[in-house]
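Novice: Okay, sequence plus prediction incoming.
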Amino acid sequence: MPLLGCIADDFTGATDLANTLVKGGMTAVQVIGVPTGPLPEADAIIIALKSRTAPVKEAVAESLAACEALLAAGAKQIFFKYCSTFDSTDEGNIGPVADALVRRLDCGFALANPAFPTNGRTVFQGHLFVGSTLLSESGMENHPLTPMRDPNLVRVLGRQTDGTVGLVPFAVVEQGAAAIRKAMTGLKESGRRYAIVDAVTDAHLLAIGEAAADHALITGGSGVAMGLPANFRSKGLLPERGEAAAALPPMRGHAAVVAGSCSRATLGQIGYARDHAHTLELDVLATPDAAALAAQALDWAQDKLGDHPVVIAASAPPEKVAALQARLGREAAGALVEQALSTVAHGLVARGVKRLVVAGGETSGAVVSRLGVSSLRIGPEIDPGVPWTYAEPAGLHLALKSGNFGARDFFLKAFGV
Ligand SMILES: Nc1ncnc2c1ncn2[C@@H]1O[C@H](COP(=O)(O)OP(=O)(O)O)[C@@H](O)[C@H]1O
Ligand SMILES: O=C(O)[C@@H](O)C(=O)COP(=O)(O)O
């Protein structure tokens, strides 16, 4: 029976959360899509949806269905995972999904905290920073699907919910779990449905997690989950598991990277790969045809497969993304590239690739669906927020890299080269 039941709005986000929980000593299995049969055995189940950019109604319906499955399996607390850069549009989907979960769980209130200090995401006075810049100046203002142009999360979430949003500021968070709990109770009693809670350090996140031990619903990035394993342990529900929580079968087979993220970190990683690995950058504007792009990539890769990764990327800088979107529309442009890259991934696996890194959340969703993966067992971390996983029933190792995560040499480092 799972202790923690999680609903993640994309696939890389789900592995990121699972990674945090595994590091905290919980076993974790990521399930792809709303489950139709019984859930696997694990301390935490993370249901990965592709709901971040889905139409609002669909995102809400799938999230509620996931919640039902988790409650039916006995989950004691529900966690709604979204991006550490709060990726969403004014219509949603963070607000509407959270609203629906608050109603379903009849809890009236939930905290909201996307902070992930190790990866430079901090929240101060309700404003989200990426490194030393505000969210709206971090490159996220150019995201192909969810451009983030307002860094004030009280305002951003306020536009997405039919409830109201308050703030637990830094000065309170600094005082620790009891003060945070008191402030959240105060906001709930004054009729706020959400509290954006400031967090600048991991110590803040641990205190917030402790303060939310008895909350039916927690919403946030993977950071705020850091404190949750200790809550279950102190209630005597979670045994000490040590490193066994992250064990995976041995890795073998050809290595490859497929990148569809246009985020700054991924563009930097592709730049590094150009000098250190066979790297193909697809020109989507010149060939806006998914089948033709995929055929081109698979032909190119054919005689290059081996232990050293091949890197195939559709990623492009903002001006090129804008040009393709102007021609096809935002959604169609994204869908075309996702279709091309998922066909490439499928073709690579058919040609013996058994270790695959996918860069980008939406891209990962498309690839994992195309590979017919139903669950991912979470293994050791490569870089903060990105673990290796073992995909069933496909029987291969997958690392789903959030667009903005990972060091510059990630695409090589993942394979130990
Ligand atoms: N050259 C391109 N032009 C337009 N859109 C692109 C291009 N390359 C990738 N995309 C799309 O951009 C989106 C990137 O989103 P995602 O994969 O979630 O990355 P991230 O993790 O950085 O958010 C995907 O829908 C992808 O298909
Ligand atoms: O919280 C995060 O930043 C990640 O876990 C995440 O959700 C990443 O999404 P993408 O940037 O779309 O990969």
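Specialist: That came through fine. Ligands and ions are numbered 1, 2, ... in the order given.
Novice: domain parsing for this protein?
Specialist: The record assigns the chain these domain ranges, following automatic domain parsing: 4-242, 248-413.
Novice: In JSON lines, list those domains along with mean pLDDT.
Specialist: As requested, the domains of the chain are exported to JSON lines (pLDDT from 0 to 100):
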{"stretch": "domain 4-242", "mean pLDDT": "96"}
{"stretch": "domain 248-413", "mean pLDDT": "96"}
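Novice: give me the number of residues near the closest residue to Pro249 other than its chain neighbours?
Specialist: When the adjacent residues along the chain are set aside, Pro249 lies closest to Tyr390, with 5.8 Å between them (CB to CB, 6 or more residues apart in numbering). Quick note: C-beta positions are derived from backbone N, CA and C, even for glycine. Tyr390: 18 surrounding residues under other CB atoms under 10 Å.
Novice: How about the one 4 residues further on?
Specialist: Counted by other CB under 10 Å, the residues lying close to Ala394 total 17.
Novice: how far away is it from Val367?
Specialist: For Ala394, the distance to Val367 under the criterion CB to CB, to the nearest Å works out to 11 Å.
Novice: Give me every residue in the stretch 1-150 of the chain lying close to ligand 1.
Specialist: Near ligand 1, the residues belonging to the stretch 1-150 of the chain are Pro144, Leu145 when assessed by CB under 6 Å from any ligand atom.
Novice: Check whether Gly223 really touches Ala199, as I assumed.
Specialist: Yes. Gly223 lies in contact with Ala199 (CB atoms under 8 Å); the separation is 7.0 Å.
Novice: what touches both of these two?
Specialist: Asn113, Ala115, Pro117, Leu205 (CB atoms under 8 Å, 6 or more residues apart in numbering).
Novice: Just say helix, strand or coil for the last one.
Specialist: Meaning Leu205. Assigned state for Leu205: helix (three-state reduction, DSSP: H, G, I helix; E, B strand; the rest coil).
Novice: Quick check, the residue in the protein closest to ligand 1?
Specialist: When CB to the nearest ligand atom is the measure, the chain has its nearest residue to ligand 1 at Gly403, with 1.9 Å between them.
Novice: State the distance spanning the first to the last residue of stretch 37-46.
Specialist: End-to-end distance of stretch 37-46: 15 Å, with CA to CA, to the nearest Å as the criterion.
Novice: Enumerate the positions of it that are buried.
Specialist: The neighbour-count check on stretch 37-46 (16 or more other CB atoms under 10 Å) flags Leu39, Pro40, Ala42, Asp43, Ala44, Ile45, Ile46 as buried.
Novice: So what touches it?
Specialist: Contacting residues not belonging to stretch 37-46 are listed as 2-8, 14-15, 17-18, 21, 26-31, 69-70, 73, 75, 81, 229, 232, 238, 241, 375 [CB under 8 Å, 6+ apart].
Novice: How far away from the center of its chain is it?
Specialist: 18 Å (CA atoms, centre = their mean, to the nearest Å).
Novice: for ligand 2, what are the nearby residues on the stretch 201-350 of the chain?
Specialist: Counting by CB under 6 Å from any ligand atom, the residues of the stretch 201-350 of the chain near ligand 2 are Gly221, Ser222.
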